[in-house]
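[1] fold the following.
(3 chains)
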Amino acid sequence: MPTYLSTYGFHGVHGRALALATGLKTARPDLTVIATGGDGDGFSIGGNHFLHTCRRNPDMTYIVMDNQVYGMTKGQASPTTEPNWEKGKLTPMGTGINPFQPLVIALASGANFIARCSSSDTNGTARILMEAIRHPGFSMVQILSPCVTFRPEQRDWKHLLVPSPKEPTSDPTEAARRLLKDHGLYTGILYVGERPVYQPKLKASVAGVEAFDEEFRL
Amino acid sequence: MTNTSHGSVRAIRTTEELLAYSLAMETEAVERFNDLAEQMEIHHNYDVADLFRKLARIEGLHIDNVKRASAGKQLPDLLAWEYEWEGGQSPEGGAMEDAHYLMQPWHAIELAMQGEKRALAFFRNVAATADDEALRKMALELADEEEEHVTLLQQWQERFPKPDKGWDVDLDPPAMLE
Amino acid sequence: MYCQSLSIALTGSGGSGVMTTGSLLLEAAAKAGWYGFMSRSAGPQIRGGEAAAVVRLSSEPTESPDDSFDIVLAIDPGSMARFMAEIPLRPDSLVISDAEAGRRGGELPDVPARVLDLPMQELAKSVKGGRPNMIALGAVARMIGLPADSIHAVLGKLLKSKGADILEASWACVQTGFAAAADLPVFDSPAPASEPCIERWSITGNEAAGLGAIRGGIRFVAAYPITPATELLEWLAAALPKVGGVLVQAEDELASINQVIGASFGGTPALTATSGPGFALMSESIGLAVCAEVPAVILDVMRCGPSTGIATKSEQSDLNIALHGLHGDAPHLVVAPTSVTDCVFTTQWAVHLAEALQTAAIILSDQSLGQTRAIVKRPADVSFIAKRRVPEQFEETYYRYAVGDTGVSPMAIPGQAGGQYTADGLEHNQAGAPSSLPEDHYAQLEKRERKIRDFDYGQHWADLEGSGATAVITWGSATGPVREALSRLRENGKNIRLISLRLLAPERPDDMAAALQGVNRLLVVEQSHSRQFHRYLRAAYDLNAQVRVFNRPGPLPFRPGEIMQQLNDWDAEAELLAARNRFCSFNRRNTSRRSSRSGVPVAVILVSSAHSPRPLPACRFSPRKRLLSPALVVLRGCRPT
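    Numbering: from 1, shown residues only, chains lettered A, B, ... in the order given. Next up, the predicted model:
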C-alpha cells in the first residue's frame, strides 16, 4: 500500500502492522499513522495485536481490506471466510467454523470508531477514511474488497451491501446490537466512540541523564 | 451499490454545478483509464494498456473542453464524496471490477462505452429535470457530445472481433506471493 | 588481621525475607566502606519455594563468587537442602541454624561444616511484629564486625514506605539478634576500601543496563514481562518518562519488537528486553530490522533453557540463537557485558552501534549479571550516544538503500520533506522498491554485511588482560570468576592472559589473531552444556593453540578455584608429558626399568610406555571427573567427552 502513495511507509512482517504502527505513533505523536492489511493478516496471524490495539486505543486508523480469502497464497480460507466455502485448497470440505466478526470484536475490544465500506464505492470510502483519520483514537475501517480471482461470486457484494439506514451511534450497546444483526452488510460509519486515547506524554522532567546517578550513589 | 451513502440524489440546479460535475467525471475517467493501463502493463497486456492510455488521453481533451467552458465562472469546490452521483459513483469512474488482466481490446472498448452511456444518461437526466434554460441547453450539449463518443466507440469496437468464450482461461495464473 | 573477603549465604523458604536481609546487609556493609555483591537464587515459584541470598563482602571490587562460604544463616533450616550444591562449605564454615524452627519446617540436612544454633524464630516472637530474618541480620552484623548503627541507617531507607511500626519492629529485632550473637564467633572482616573517597555505587546488572540504555539515547521501550528481565523493565518504566521517553507494556514479544522497530523508524532510539523464550518469539522481526535497516536494540537476560527451562537461574545458552537465530543471511550485532558495571558500557555501546550501523544489536546479559547487586566504582562516563546518519537534503530521487561507500546509507526520518520511502522487509533495490533481481539481492546482502564488518570497533571488542603463553577465553558473566582465578594465579607468579569477548558478532579475525599472538594453550570457559561458545570460536577463528574447554550448564556459577584447578592440572599434565617424552627418547627399550631420571612415579612410566608418546588431543574436562593424580591422566589419556 505505501508504495502506491507519496508518503513514508513501512512494509513489515505479516501480521505485525498494528504493533509497528503503535510503536511509531507512541514515539511520534505528531505523525498521522495509518495501518493497512488484509483479513488473514489482521485477524489470524495478527489477531492478538488487533485485540490489544483496539484496547489500547492509540490515535491511528486501521484499514482492513477484507476479501474473506488469502489471495496472495492462492486462495485458502481466511478467518472471515464463511464455514461452507468449499473452494479453499486447505479446507476442501469448508472450514466448518464460524467466521471472525471483526467489527463486533473491534467494538468489544475498545476501538473508538468503526466503519464498513465497499471497495466499489470509492467516494464513500474516501469520505469514511477521512472521518476515521480525523476521529481521535483507534479507528477501524473494514473495506469489503471482492477478490474476483478466487471468489468470483463476490462480484455480487456490489448489490448486497447497503448503506446503514441509521446514523452512527456512540452507544456501544446499541452499536453491538446493530453489528450483530446486520449480517455484515451495512456500510457507513457504524460507531463513533469517546473512549480515552492512549498517548503517553513525552516530556522530560529532569535536565539530563546524570539525574539518575543519585539513585545509585552510596 | 444501487444507492449513495447520502440518501437521495439532489438535482443539479446551475450551469456552474453542472460544469463542476462534468469536470469531476472526466477527471475520474482519466484516472481510471491510467490505472487500468498500469494494471494491464503489470500483466504484460500491452495492447490493452495502450488502448487505455489512448482513452485516458481522449478524456483529457474533454477536460480541456470543460475548462474552456468554465472560463470566468466560479465553480463550486466539492470534495470527492460531496458529489451526489446516482449510485454514489461518477458515471465514468469505478467499475474496476469489470476489468480483467486478460481482457482484450473489445472488452476495453466495451468498458469505456458503458461509462459513456452512463454519462449520456446522466446529462439527459439533468436536461430533463432542469428548471433553468441555460442549464438545460448545456446539459443537452454535453449529452450530444457523449452520444458522439458512444458512436465513435461502437465503430472502433467493430474493428475488433468479439472474443470467444474462454478468453479468460489462464493455465498459469498470476500470483503475488508473500 | 583482616581477610580479603567474606561470603555469607542466607537461606529460607520463599517469603521469609532472605532477599531483603541480604540487600540490607550489603547496603550496610557498603556504607561501612566495603565492596561486594549480592546475588539471588530462587526456585521457579515466586513464593512458597526456597530462596537464597548470597553476599560476598570484600576490600576490593569483585563480581566473582568465592570458592566456598564462610557463614550461612539457615533461617528455615530445611530449605538448606535445596542449596547444598550452590553453597559449597568448608569444615571451618559456620552454619547458623534454628533447631526449633527446624522441628516444624524441616531439619537442617547434614552439612560438612560447623553448626551452631540461634533460636531466630523464638527471638523474633519476643518482639511485637518481629521477624526471624531481622534477627539473622542483627546476628550476622555482629559476627562480621558491622556496627548496628550502619544497619539502622539502611533499614530506615528501605522500610521508610512500610510505616513506623514495621521499621520499629525490624530495628528491635536487629538489636535482639545483635545481642544474641554475643556468644557466636567473630569473623575476620575485609578491610574497608582503600580509596574511600572514590565514588561508589550500588547497582544491579539490570539497572546498569537500563542506565546504559538511557545514557546511549534510548527513549522508547516496548516489552512483555519475563523473568529475569522484569526488574530492568521496571526500572526503565520509571526512568524513561523523566527523560521524555516511554515504556509500553506490549501484549507479547512479537508486539514488543515490532513496536520497537516502528518507534525507531520514526527516529526514536528504541530497545526491548526479554529472556530466552521471548527472544525466540522475536527472531522473525529482528530479521526485519536487519533487512529494512532500522536500528533496534534487543537485550536478552539469559536464563536456563531450552523452553521454559529454569526461569530464575543463569546460563549462557542463548549464544547460538543470538548468533544464528535469524532466517536468511542476516548480519547483525551481538554483544555481551563482562560484568555488572560493564552492563552500563556495553548497553550504551550497543545503542550507539545499532544507531550508527542501522541494524539490530542483540545484548546478551544473563540472570547472574542482571539480578546481582554489586557495590562498584562509579561507571565511567563514555561518549557513545545514538547518532544516526540522516540525509540533510534530498536529490530528485532519494535512494534509501544506496549501497554507498561504507554501506551505511542516510536514513530519512518521517516528516522530512522529500525523503518519502517505504522501509521494506522484502528484498529491495537501492530506492527501496521490492526486487527479486539477483543483482539487487547480492548488492543489498553485501551492503548489510559490509557496513558492520568494516566498522572500526576499536579496543572494545574484548577485554584483554595479562600476558603469557596460556590464555583463558570467555565471555559474559563467566568473566568474573575467570578474572579472579587469574588474579590469584598472578599472585602465585603465574601469568595467564584473559580474553573476554564483548563483541561476538561480527567476528574480528585480525583482532583475535593479535590477541592470541604467542598463545599456545587456550582454555575456553563457558556456561553451556553443548559448548556453544567453543563451537562458535572454532567456526569463527583460527585457534592456533592447544584448546581445552571447561564448560557446564547453569545454574551453578563458576568458582575461581575450579578455573585455577583446570589450569594447574593442565600444567601438571604438560610437565608429566614432557617428562615422559624425555624418558622415552632417552631409552625406548628400557621402559620396564624401575627407575627413571625424570623423577616421575615409576608406575606411571611403566604404563605410559605402552602408548606411543604424542601430544594430548584437545579435549574437554568435565569438572566432576576431576583428575585424582597426574599418573591417572596419562593412563586414561584425555577422555574426549
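[2] buried residues in the helix or strand of chain A with the lowest mean pLDDT?
    When the helices and strands of chain A are compared on mean pLDDT, DSSP states H and E, helix A:157-160 comes out lowest with a mean of 83. Within helix A:157-160, the residues that count as buried by 16 or more other C-beta atoms under 10 Å in any protein chain shown are A:157-158. Where you see a C-beta, it was placed from the backbone N, CA and C, and this is true even at glycine.
[3] what about the helices in the stretch 51-200 of chain C?
    Ranges of helices in the stretch 51-200 of chain C, per DSSP state H, counting those that start in this stretch, are C:99-105, C:120-125, C:132-143, C:148-159, C:164-180.
[4] so which of the ones you listed comes closest to B:E59?
    For these, the distance to B:E59 is smallest for helix C:148-159, at 79.1 Å, taking C-beta to C-beta.
[5] quick one: buried residues of the closest one?
    Applying 16+ other C-beta under 10 Å to helix C:148-159 flags C:148, C:150-151, C:154-155, C:159 as buried.
[6] kindly reformat the helices of the stretch 51-200 of chain C as JSON lines containing mean pLDDT and distance to chain B.
    Listed next are the helices of the stretch 51-200 of chain C as JSON lines, based on pLDDT from 0 to 100; distance: least, C-beta to the nearest C-beta, whole Å:
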{"stretch": "helix C:99-105", "mean pLDDT": "88", "distance to chain B": "60"}
{"stretch": "helix C:120-125", "mean pLDDT": "95", "distance to chain B": "65"}
{"stretch": "helix C:132-143", "mean pLDDT": "96", "distance to chain B": "58"}
{"stretch": "helix C:148-159", "mean pLDDT": "88", "distance to chain B": "55"}
{"stretch": "helix C:164-180", "mean pLDDT": "94", "distance to chain B": "60"}
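[7] reformat the ones you listed as a markdown table; add distance to C:Q532.
    A markdown table is the format used below for the helices of the stretch 51-200 of chain C (distance: least, C-beta to C-beta, whole Å):
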| stretch | distance to C:Q532 |
| --- | --- |
| helix C:99-105 | 40 |
| helix C:120-125 | 43 |
| helix C:132-143 | 39 |
| helix C:148-159 | 39 |
| helix C:164-180 | 45 |
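[8] if we can go back for a sec, so the least confident helix or strand of chain A, near chain B or not?
    Yes. Counting by C-beta under 8 Å from any C-beta of the partner chain, chain B is contacted by helix A:157-160 at A:158-159.
[9] which neighbouring elements make contact with that helix?
    Using 3 or more C-beta pairs under 8 Å, 6 or more residues apart in numbering or on different chains; DSSP states H and E, no helix or strand is in contact with helix A:157-160.
[10] sorry, back to before: so which of the helices of the stretch 51-200 of chain C is nearest C:V335?
    Going by C-beta to C-beta, the one of the helices of the stretch 51-200 of chain C nearest C:V335 is helix C:148-159, 33.7 Å.
[11] before we move on, the earlier item: list the pairing partners of whichever helix or strand comes after the least confident helix or strand of chain A within its sheet, with orientation.
    Next along the chain after helix A:157-160, taking DSSP states H and E as the criterion, comes strand A:162-163. Paired neighbours of strand A:162-163 in the sheet (DSSP bridges): strand A:186-192 (parallel).
[12] quick check: pLDDT value at the closest residue to chain A within chain B.
    Nearest to chain A, among the residues of chain B, is B:W81, at 3.4 Å (C-beta to the nearest C-beta). With respect to pLDDT, B:W81 scores 83.
[13] nearest to chain C: which residue in chain A?
    Counting by C-beta to the nearest C-beta, chain A gets nearest to chain C through A:G23 (3.1 Å).
[14] check that residue and give its pLDDT.
    98.
[15] tell me which of the buried residues of helix C:148-159 is nearest to chain A?
    Distances from chain A to the buried residues of helix C:148-159, taken by C-beta to the nearest C-beta, are shortest for C:V154, at 10.2 Å.
[16] what segments of chain A are helices?
    Ranges of helices within chain A are A:17-27, A:39-40, A:47-56, A:102-109, A:122-134, A:157-160, A:172-181, A:213-216, based on DSSP state H.
[17] return the most buried member of those.
    When you average the neighbours per residue for each of those (mean count of other C-beta atoms under 10 Å in any protein chain shown), helix A:17-27 leads with a mean of 29.
[18] I'd like the distance from that helix to the chain centre, please.
    14 Å (C-alpha atoms, centre = their mean, to the nearest Å).
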